[in-house]
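Visitor: Kindly return the folded structure for what I paste below:
(one chain, ligands or ions: 1)
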Amino acid sequence: MSKHSKKSMNVDIATAKIGFIGAGRMTESLLNGFVNYGKIEASRLHVAAPTTKNLERLKQQYSGLHITKRNLDIFAKYGCNIVFIAVHGSVIRNCYKQGGERPFPLTTNFIPNMKKPLFILSLVTGFTLKEISQCLLNPEHPEKYLIEMHRIVVNCAVAYGLGICAVDVEPDSKKIAEPIRGLLSKVAKLEFVPESQMDAACAVCGAGLAFSYYFIAAMSDGATKMGLSRDMATKFAAKTVQSAAQSLLESGKNPTELRDDVCSPAGPAIYGIHVLDKADCASGVAAAVEAAHKRAAELAKEGEK
Ligand SMILES: NC(=O)c1ccc[n+]([C@@H]2O[C@H](COP(=O)([O-])OP(=O)(O)OC[C@H]3O[C@@H](n4cnc5c(N)ncnc54)[C@H](OP(=O)(O)O)[C@@H]3O)[C@@H](O)[C@H]2O)c1
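Guide: Residues are numbered from 1 along each chain as shown. I've put the predicted structure just below:
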């Protein structure tokens, strides 16, 4: 977390203007969650991206949504109070490549001193808040801003109000500003981790969602092979994973303990587990998380996507 001013950070979540730099998958997931599950009017949402490729589609989908091709509009013209930075690390890297002694601003000009509180939430994997803020704020007048910045990790399940969101606050949830807690809680369960662990959290929560779908699809294949209809097989696989996750979180037990509880001696489950072990499934999954973490770091270093 980084604070550029100690003055009051009061923002009314019921009227706050919310902005997004970037119109890709993460922005779309958040928009869907905020509008359809958080009941936030689309007219309070503002999105910037360099082309109309995604913007026009989003505008059609969310009536009243404001779109712009200029990042600066999010801060200046629209005066958003809460802004998500949802671009790839390569975009930030390019700011550093193009800049001289200091990075080229992501917003063409540094964002204006708005004389009102502004929360910036960065989803950018592989970049620290300091690096992001150097692409936004005029370094000559940092005292003029009333800004609080966080790195956050959200997964695409925010689109259904079921996301997980890690915020870079030490494990003391009281340190998160109320407007941010209020907004993110509409679409996700919040967890708090130090900034240094955000990239690892992103690998498990972000990419891990894809791995979970992969596992569900594989279980569904097995059940379909055994004769269940595809729809029923997928539903049972998904609900089984859901109940496994919920019972794990509610019981506070560790997953190995719960797995052992399910496996009766000489029963079907332990026979199946043995097959998974022989296929090196556990180390494959751990390696997938590690590969996602490594790839995110590579993307952050590349100048172009
Ligand atoms: N935190 C997590 O759990 C998590 C999970 C996945 C991803 N991420 C991170 O979230 C970020 C966005 O990912 P994504 O999947 O949404 O990406 P994406 O679908 O590829 O979308 C990227 C968006 O950035 C826009 N863009 C490109 N250059 C820009 C610029 N100079 N200024 C403003 N916008 C620009 C693109 O514009 P056009 O529409 O014109 O192409 C596009 O809308 C990435 O950093 C990714 O690593 C985080």
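Visitor: neighbouring contacts of the one helix or strand residue 246 maps to?
Guide: When secondary structure is defined using DSSP states H and E, the element that contains residue 246 is helix 230-251. Residues lying outside helix 230-251 but in contact with it, judged by Cβ atoms under 8 Å, 6 or more residues apart in numbering, are 212, 215-217, 219-224, 228, 255, 258. Where you see a C-beta, it was placed from the backbone N, CA and C, and this is true even at glycine.
Visitor: Output these as a markdown table; include the columns distance to residue 274, neighbour count and pLDDT.
Guide: Putting those into a markdown table (distance: Cβ to Cβ, whole Å; neighbours: other Cβ atoms under 10 Å; pLDDT from 0 to 100) gives the following:
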| residue | distance to residue 274 | neighbour count | pLDDT |
| --- | --- | --- | --- |
| 212 | 22 | 15 | 97 |
| 215 | 18 | 14 | 98 |
| 216 | 21 | 20 | 98 |
| 217 | 22 | 13 | 98 |
| 219 | 17 | 17 | 98 |
| 220 | 21 | 20 | 98 |
| 221 | 19 | 14 | 98 |
| 222 | 15 | 12 | 98 |
| 223 | 19 | 19 | 98 |
| 224 | 22 | 16 | 98 |
| 228 | 23 | 16 | 98 |
| 255 | 17 | 10 | 97 |
| 258 | 18 | 13 | 97 |
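Visitor: Does at least one residue of stretch 18-31 sit close to the ligand?
Guide: Yes: part of stretch 18-31 sits close enough to the ligand to count as contact by Cβ under 6 Å from any ligand atom, namely 21, 22, 23, 24, 25, 26, 27.
Visitor: which stretches of the stretch 201-305 of the chain have low pLDDT?
Guide: 303-305 (pLDDT under 70).
Visitor: hmm, stretch 74-94 in reach of the ligand?
Guide: Yes: where contact is defined by Cβ under 6 Å from any ligand atom, part of stretch 74-94 touches the ligand, namely 86, 87, 88, 89, 91.
Visitor: which of those tops the neighbour count?
Guide: residue 87 (26 neighbours; other Cβ atoms under 10 Å).
Visitor: From what I see, it and residue 22 are in contact.
Guide: Yes: applying Cβ atoms under 8 Å as the test, residue 87 and residue 22 come out as touching, 4.1 Å apart.
Visitor: Contact residues of the stretch 151-300 of the chain facing the ligand?
Guide: With the criterion set to Cβ under 6 Å from any ligand atom, the stretch 151-300 of the chain comes near the ligand through 153, 154, 155, 202, 205, 206, 296.
Visitor: Make sure I have this right: the first one is in a helix.
Guide: Looking back up the chat, that one is residue 153. No: with the criterion set as DSSP: H, G, I helix; E, B strand; the rest coil, the secondary structure at residue 153 is strand rather than a helix.
Visitor: who does it bridge with?
Guide: Using DSSP bridges, the beta-bridge partners of residue 153 come out as residue 166.
Visitor: so what's residue 293 up against?
Guide: When contacts are taken as Cβ under 8 Å, 6+ apart, residue 293 is in contact with 199, 200, 202, 203.
Visitor: mind checking the SS state of residue 256?
Guide: Secondary structure of residue 256, reduced to three states by three-state DSSP: helix.
Visitor: what separates it from the ligand, distance-wise?
Guide: From residue 256 across to the ligand, the span is 26 Å (Cβ to the nearest ligand atom, to the nearest Å).
Visitor: gap between the residue of the stretch 1-150 of the chain found nearest the ligand and residue 81?
Guide: The shortest separation between the stretch 1-150 of the chain and the ligand is 1.8 Å, found at residue 24 (distances taken as Cβ to the nearest ligand atom). According to Cβ to Cβ, to the nearest Å, residue 24 stands 22 Å off from residue 81.
Visitor: can you pull out the strands in the stretch 1-150 of the chain?
Guide: Counting by DSSP state E, counting those that start in this stretch, the segments of the stretch 1-150 of the chain that form strands are 2-3, 18-21, 45-48, 66-68, 82-85, 118-122, 147-154.
Visitor: can you tell me which two in the residues of the stretch 151-300 of the chain next to the ligand are farthest apart?
Guide: Set against one another by Cβ to Cβ, those have their most distant pair in 154 and 296, with a gap of 14.3 Å.
Visitor: Many thanks, I have nothing further to ask.
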